[in-house]
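1. any chance you could fold what I've pasted below:
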Amino acid sequence: MSSIKQISEHSFAAHLNDGQVLTLSNRREDDINSVLWSVGRSYNWENTPHAIGDFRIVPYGPNNLLPSELRSTVDDNNLAPGIIERQLGLLFGQGVFLYQLAFENGEIKHIWQQDNEIESWLSDWDFMSYIKGITTDYLYLKGFFNAIYLTRGYRIGSAPKISHLEHIPAKNARLEWADSRKLSDVKHILVGNFEQNCYDTGIQSFPVYDRRNPARYPVSAAYNSTYSFSRDFYSVPPYWGALRWIVRGSEIPTIFKYVTDNGLNLAYHVHSPFEYWENKREVIKQMHPEWSEAQVEKRIAELSTQLLEDLTHVLSGKENAGKFFHTVDITDETGATHTWKIEAIDQKIKDFVDSQLKIAEASSSAITSGMGLHPSLSNVMVNGKLASGSEMLYAFRLHLLSNVAIAEQAILEQINQAIAFNFPNKNLRLGFYHQSLKAEEALSSSDRIKNQE
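-> Prediction:
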């Protein structure tokens, strides 16, 4: 082996002395801050607090940069960002609307309604941008941070009301450490530029929102999540176990590019006898006795270059059929024959490409499964084919029944608490509205897609 070169964060190329190039992926880095390889099965980064300035915080990941590292890992993949976007669309449905729960014949019904007073309050602070921001963080991290602001009127004796809610990007927020190691005992949310260790922003401290007394603080903050098994503070995303597959799938295009650009792509191996070049040297020395050794070797190099160019012309090109290369074998005093040999090289590039494509296919399946989205809803081909319309319809209905309720409750819980606090007699809440889908054969002829053009 002559050298090893790093070609991306988790891939290396080994250059061998015989000209071969081998690619290695998913090598464990020495840097303990790697989100993929420093997090062993027994490692828990929530065991001890992380100190920044005068604050003790719960580290978010092994180096307190988990949101940023997940962003980079997911963004590098050709599949994962699209799956999250599709999850966002499936969860969001046709939008966010007010509804009231009702029970009819033993079934829960959503009675969708309009309310000018609540809708006016929502539009005053662009609630849609807020919901899209926290929903995106939730899909990436299974949790999100937000701030809750009271109106200023409470200072002069008016009834307290919540003015608006604000999304705090997860990369900029952390939980204050609680010695009890209980999320319920966290007293403050700390906000700053943690990617730069808060050097440029400092740290703002907000008291944790009191859901029993929303008017307790003029401004408060909250961490909202769906509990992850055996985690004390932060939740981890459902695709946590698929992260290595995400990296593996992301590395394959880089490996292909590196092999294409830097691999030693040989079609033939030409063997030339040493005695052939020795005879050439003797002839040159006899023709030019005044030449130095350097001049002789320079002439040998020129002859070698010209010979290889002629060989290349003979062995390559679309018109090489019927061409041949002629040499005269040399026999030494011992009777051994020294001859030219031209051997075709099987580079096995097809095997290499096929194996990488199989890995890519396996990673695509693992990523979609790990991210909790049925392949038919993510436009991923399974066994070389896309899902049929009926498969997509069944998967969509199953997704609505099993994947929407928990996420909706976690994402909209805080804003619904604000609606209940500001408008206690309305008995309305926000929810994601999803239009019912029917198979084509269940629709009237005038409603089918082919008749709507």
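2. point to the residue nearest the middle of this structure.
-> Most central in the chain under C-alpha atoms, centre = their mean is V74, positioned 1.6 Å from the mean C-alpha point.
3. least trustworthy helix or strand in this protein by mean pLDDT?
-> strand 21-25 (a mean of 55; mean pLDDT, DSSP states H and E).
4. still on that earlier bit, show me what contacts the residue nearest to the centre of the chain?
-> For V74, the contact set (C-beta atoms under 8 Å, 6 or more residues apart in numbering) comprises 80-81, 84, 140, 246. In this view, the C-beta of every residue, glycine as well, is placed from N, C-alpha and C.
5. out of those residues, who's the most crowded?
-> A80 (25 neighbours; other C-beta atoms under 10 Å).
6. pretty sure that residue contacts L243?
-> No - using C-beta atoms under 8 Å, A80 makes no contact with L243, being 9.6 Å away.
7. out of the contacts of V74, which is nearest to P218?
-> Comparing the contacts of V74 against P218 with C-beta to C-beta places Y140 closest, at 30.0 Å.
8. three-state assignment of that closest one?
-> Classification of Y140 by DSSP: H, G, I helix; E, B strand; the rest coil places it in helix.
9. surely it touches I84?
-> Yes - counting by C-beta under 8 Å, I84 is a contact partner of Y140 at 6.6 Å.
10. pull out the buried positions in the helix or strand that contains L400.
-> Applying DSSP states H and E as the criterion places L400 in helix 389-403. Within helix 389-403, the residues that count as buried by 16 or more other C-beta atoms under 10 Å are 392-393, 395-396, 399-400, 403.
11. still on that earlier bit, and the contacts of V74, which two are the farthest apart?
-> When C-beta to C-beta is used, the two most widely separated members of these are Y140 and I246, lying 12.3 Å apart.
12. just the pLDDT for the residue nearest to H269 when sequence neighbours are not counted.
-> Spatial nearest neighbour of H269, excluding adjacent residues (C-beta to C-beta, 6 or more residues apart in numbering): E343 at 4.7 Å. E343 is assigned 72 on the pLDDT scale.
13. tell me how far E343 lies from F274.
-> E343 is 17 Å from F274, where distance means C-beta to C-beta, to the nearest Å.
14. what about the helices in the protein?
-> Assignment of helices within the chain using DSSP state H yields the ranges 66-75, 80-92, 116-124, 127-141, 243-262, 274-287, 293-315, 349-370, 389-403, 405-422.
15. got a markdown table for those helices, with distance to V236 and mean pLDDT too?
-> Below are those laid out as a markdown table (distance: least, C-beta to C-beta, whole Å; pLDDT from 0 to 100):
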| stretch | distance to V236 | mean pLDDT |
| --- | --- | --- |
| helix 66-75 | 8 | 89 |
| helix 80-92 | 15 | 88 |
| helix 116-124 | 31 | 95 |
| helix 127-141 | 8 | 95 |
| helix 243-262 | 10 | 75 |
| helix 274-287 | 64 | 86 |
| helix 293-315 | 56 | 83 |
| helix 349-370 | 12 | 74 |
| helix 389-403 | 17 | 74 |
| helix 405-422 | 14 | 94 |
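16. out of the contacts of V74, who's nearest N425?
-> Relative to N425, the closest of the contacts of V74 is Y140; by C-beta to C-beta it sits at 36.9 Å.
17. can you list the domains in the chain?
-> Each domain of the chain is listed here as a residue range: 31-239+373-451, 266-346, per automatic domain parsing.
18. closest to F256 out of these?
-> Taking the domains of the chain one by one with C-beta to C-beta, domain 31-239+373-451 is closest: 12.6 Å.
19. in the stretch 151-300 of the chain, where is pLDDT below threshold?
-> 154-157, 258-268 (pLDDT under 70).
20. do I have it right that Y149 meets L165?
-> Yes - contact criterion C-beta under 8 Å: Y149 and L165 qualify, at 7.4 Å.
21. which of the two has more neighbours?
-> More crowded of Y149 and L165, by other C-beta under 10 Å: L165, with 20 against 15.
22. OK, contacts around that one?
-> Neighbouring residues of L165 by C-beta under 8 Å, 6+ apart: 125, 127, 130, 146-149, 414-415, 418.
23. how does it look with 6 Å?
-> Listed by C-beta atoms under 6 Å, 6 or more residues apart in numbering, the contact set of L165 reads 130, 146, 148, 415.
24. so which of the residues you listed is the most crowded?
-> Neighbour counts for the contacts of L165 peak at I148, which has 25 neighbours (criterion: other C-beta under 10 Å).
25. quick one: pLDDT of it?
-> I148 carries a pLDDT value of 96.
26. likewise for E440?
-> E440 is assigned 49 on the pLDDT scale.
27. quick one: the closest residue to K341 other than its chain neighbours from V186, how far?
-> Using C-beta to C-beta, 6+ apart and skipping residues adjacent in sequence, the residue nearest K341 is H271, 4.0 Å away. From H271 across to V186, the span is 73 Å (C-beta to C-beta).
28. which one's more surrounded, those two?
-> Neighbour count, other C-beta under 10 Å: between H271 and V186, V186 has more, with 17 against 10.
29. surely the more buried one touches A178?
-> Yes - assessed by C-beta atoms under 6 Å, V186 is found in contact with A178 at 4.9 Å.
30. anything in contact with each of those two?
-> With C-beta under 6 Å, 6+ apart, V186 and A178 have no common neighbours.
31. what's the nearest residue to G431 if we skip its chain neighbours?
-> The spatially closest residue to G431, leaving aside those adjacent along the chain, is Y99, at 5.2 Å (C-beta to C-beta, 6+ apart).
32. quick one: the one you found from K109, how far?
-> Distance of Y99 to K109, given as C-beta to C-beta: 9 Å.
33. so those two - more neighbours on which side?
-> Neighbours around Y99 and K109, counted as other C-beta under 10 Å, are more numerous at Y99. The numbers are 16 against 12.
34. how about the more buried one, what does it touch?
-> Residues counted as contacts of Y99 (C-beta under 6 Å, 6+ apart) are 110-112, 431.
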